[in-house]
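S.K.: Dropping a prediction and its sequence here:
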Amino acid sequence: MNIAIVGTGYVGLVSGACFAEAGATVTCIDVDQNKIERLKAGIIPIYEPGLDELVHKNVKAGRLIFTTSLADVINDQEIVFSAVGTPPDEDGSADLKYVLQVAKTIGENLNKYVVVVTKSTVPVGTAEKVRHAIQEELDRRGADVRFDVASNPEFLKEGNAIKDFMSPDRVVIGVESEKAKTLLARLYKPFLIKDFRVIFMDIPSAEMTKYAANSMLATRISFMNDIANLCEKVGADVNMVRAGIGSDTRIGRKFLYAGCGYGGSCFPKDVKALIKTADDNGYSMEVLKAVERVNERQKGILYRKLKAAYASEGLKGKTIAIWGLAFKPETDDMRESTALITINKLLAEKCTIRVYDPIAMDECKRRMGDAVVYCKDKYDATLNADALLLLTEWKEFRLPSWDVVKKAMRKAIVIDGRNIFDKEELESAGFEYYCIGK
């Protein structure tokens with residue numbers, strides 16, 4: 001099967017490599033000539049465990065091809081996925097200009113039947129806009145060419161995307177014709193041979209499913225952070241509360257961990273977009289507006305705890321160590337990360353900030369320049385520090401030598417934004433220890 005994927009960002013590149021691994025011939029297209037040349041040279045623009053090996057393998061096998069021209073390859077394809085970016089506008093809505101540009105290019109060049117599938121996260125009603133944009137260009141050319149549109153939202157977790165794609169717990173596809181349904185079922189069958197977990201539905205429902213899923217997960221996170229903050233006030237332990245409610249099968253244990261807020265490329269953007277979609281349709285998503293407010297407040301919690309710890313003398317001139325910059329482990333993605341907010345608040349206090357992250361150091365340099373000190377490892381970051389802040393729960397941070405850390409630090413204060421350390425262990429080692437929800 002010949003398929004094309006427009007956009008070689010996170011979703012497009014992972015999808016292309018995985019479809020190629022299943023045996024499809026995949027052409028990945030991007031308007032960024034430099035990115036395409038680098039991909040051809042084997043240089044992967046994002047960090048995702050296992051992705052570089054998968055790309056190299058399938059390029060060598062001839063199943064994964066990179067180009068800058070959709071027009072040149074459109075009529076060799078059975079399915080074209082649109083996986084271009086949908087950045088948020090200032091009002092929170094998803095910017096569809098790249099999605100619609102892809103549709104326009106398809107309409108300008110299409111001469112045979114194809115299924116056009118939106119894989120980008122887009123608001124309800126986008127498929128109709130895509131259909132209109134394609135048909136408008138076909139009509140302008142006087143071309144009588146049949147095509148179908150479909151919606152196939154992605155549910156990939158950064159850091160685990162290859163496994164998520166190759167063994168999905170479900171695939172959601174919105175279609176409106178049997179022909180499109182048959183083609184997409186055939187494409188996904190290799191991933192679901194033993195248990196065909198493709199959920200076919202109408203297109204608006206598929207578009208809504210993506211936003212609803214991410215918004216539900218964001219809601220669980222903000223709810224637990226709210227509970228954690230109240231636990232601190234009343235003397236309860238959020239970890240025990242989590243164990244108690246998570247054992248209820250109606251609730252479950254996932255996404256009930258208190259921390260210093262969610263970030264990344266999906267949750268913040270999708271919550272905002274769903275709120276905006278509701279507003280545009282005369283409905284107010286009150287729960288999600290609260291979710292967003294709680295999360296924005298939570299991102300400042302480590303700064304507030306640090307400020308309280310130094311209430312008598314202030315933070316000016318203090319050296320602060322930060323472990324973790326990415327919004328979550330196993331990625332270099334710092335979009336909407338708590339680290340960015342925390343660092344900016346500390347810079348405003350005239351602090352010296354020493355940072356270390358196993359993967360995201362280059363990304364931090366791109367965003368922050370020389371505003372912080374980049375350290376060679378986690379211990380180097382603690383040198384002469386007046387406090388250590390844990391922001392990302394990378395595995396290598398879980399069992400440090402606290403003796404080494406204490407000797408390196410000027411004052412033994414640890415503020416744990418992900419609740420991964422043992423309070424009794426640190427306090428017995430002579431640290432002041434603060435976490436979330438205790």
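M.R.: The structure has been received and is ready for your questions.
S.K.: Would you mind identifying the next helix or strand past the helix or strand harbouring residue 106?
M.R.: Assigned by DSSP states H and E, residue 106 belongs to helix 97-109. Next along the chain after helix 97-109, taking DSSP H and E as the criterion, comes strand 115-118.
S.K.: and that following strand, how far out from the chain's middle?
M.R.: Going by C-alpha atoms, centre = their mean, to the nearest Å, the spacing between the C-alpha centre of strand 115-118 and its chain's C-alpha centre is 22 Å.
S.K.: Quick one: list the elements packing against the very next helix or strand once past it.
M.R.: Per DSSP H and E, the first helix or strand lying C-terminal to strand 115-118 is helix 126-141. Secondary-structure packing of helix 126-141 (3 or more C-beta pairs under 8 Å, 6 or more residues apart in numbering; DSSP states H and E): helix 97-109, strand 115-118, strand 148-151, helix 203-234. The C-beta positions use only the backbone N, C-alpha and C, and glycine is treated the same way.
S.K.: want to throw those into TSV with distance to residue 254?
M.R.: Conversion of those to TSV gives the following (distance: least, C-beta to C-beta, whole Å):
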stretch	distance to residue 254
helix 97-109	31
strand 115-118	27
strand 148-151	25
helix 203-234	8
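S.K.: Any idea which of the ones you listed gets closest to residue 43?
M.R.: Smallest distance to residue 43 across those (C-beta to C-beta): 22.7 Å, for helix 97-109.
S.K.: re earlier: quick one: closest of the helices and strands packed on helix 126-141 to residue 281.
M.R.: Each of the helices and strands packed on helix 126-141 has some distance to residue 281 by C-beta to C-beta; the shortest is helix 203-234, at 11.6 Å.
S.K.: tell me the average confidence for that closest one?
M.R.: Per-residue pLDDT over helix 203-234 has a mean of 96.
S.K.: elements contacting it?
M.R.: helix 126-141, strand 148-151, strand 171-174, helix 238-246, helix 267-280, helix 286-298.
S.K.: if we go to 6 Å?
M.R.: The contact analysis (3 or more C-beta pairs under 6 Å, 6 or more residues apart in numbering; DSSP states H and E) places helix 203-234 against strand 148-151, strand 171-174, helix 267-280, helix 286-298.
S.K.: Out of those, which is the most enclosed?
M.R.: Ranked by mean neighbour count under mean count of other C-beta atoms under 10 Å, the helices and strands packed on helix 203-234 are led by strand 148-151, which reaches a mean of 25.
S.K.: So which residues of the stretch 301-438 of the chain form helices?
M.R.: Ranges of helices in the stretch 301-438 of the chain, per DSSP state H, counting those that start in this stretch, are 301-309, 338-348, 361-368, 378-381, 402-408, 423-428.
S.K.: need these in JSON lines with mean neighbour count, can you?
M.R.: Below are the helices of the stretch 301-438 of the chain laid out as JSON lines (neighbours: other C-beta atoms under 10 Å):
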{"stretch": "helix 301-309", "mean neighbour count": "19"}
{"stretch": "helix 338-348", "mean neighbour count": "21"}
{"stretch": "helix 361-368", "mean neighbour count": "16"}
{"stretch": "helix 378-381", "mean neighbour count": "20"}
{"stretch": "helix 402-408", "mean neighbour count": "16"}
{"stretch": "helix 423-428", "mean neighbour count": "13"}
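S.K.: Residue 92 is nearest to which of those helices?
M.R.: Per C-beta to C-beta, nearest to residue 92 of these: helix 338-348, 18.2 Å.
S.K.: What are the contacting residues of that closest one?
M.R.: 260-261, 299, 302-303, 320, 325, 353, 391 (C-beta atoms under 6 Å, 6 or more residues apart in numbering).
S.K.: Distance of the nearest residue to residue 62 once chain neighbours are set aside relative to residue 10?
M.R.: The spatial neighbour of residue 62 that comes closest, neighbours along the chain excluded (C-beta to C-beta, 6 or more residues apart in numbering), is residue 25 at 7.8 Å. For residue 25, the distance to residue 10 (C-beta to C-beta, to the nearest Å) stands at 22 Å.
S.K.: Those two: which has the busier surroundings?
M.R.: With neighbours defined as other C-beta atoms under 10 Å, residue 25 and residue 10 compare such that residue 10 has more, 23 against 18.
S.K.: got the contact list for that one?
M.R.: residue 46.
S.K.: try 10 Å this time
M.R.: 45-48, 51, 83, 85, 154, 156, 158, 161, 265-266, 331, 333 (C-beta atoms under 10 Å, 6 or more residues apart in numbering).
S.K.: Show the contacting residues for the nearest residue to residue 50 once chain neighbours are set aside.
M.R.: In this structure, residue 50 finds its nearest non-sequential neighbour in residue 162, 4.5 Å apart by C-beta to C-beta, 6+ apart. Applying C-beta under 10 Å, 6+ apart, we find residue 162 in contact with 14, 17-18, 21, 48-51, 53-54, 156.
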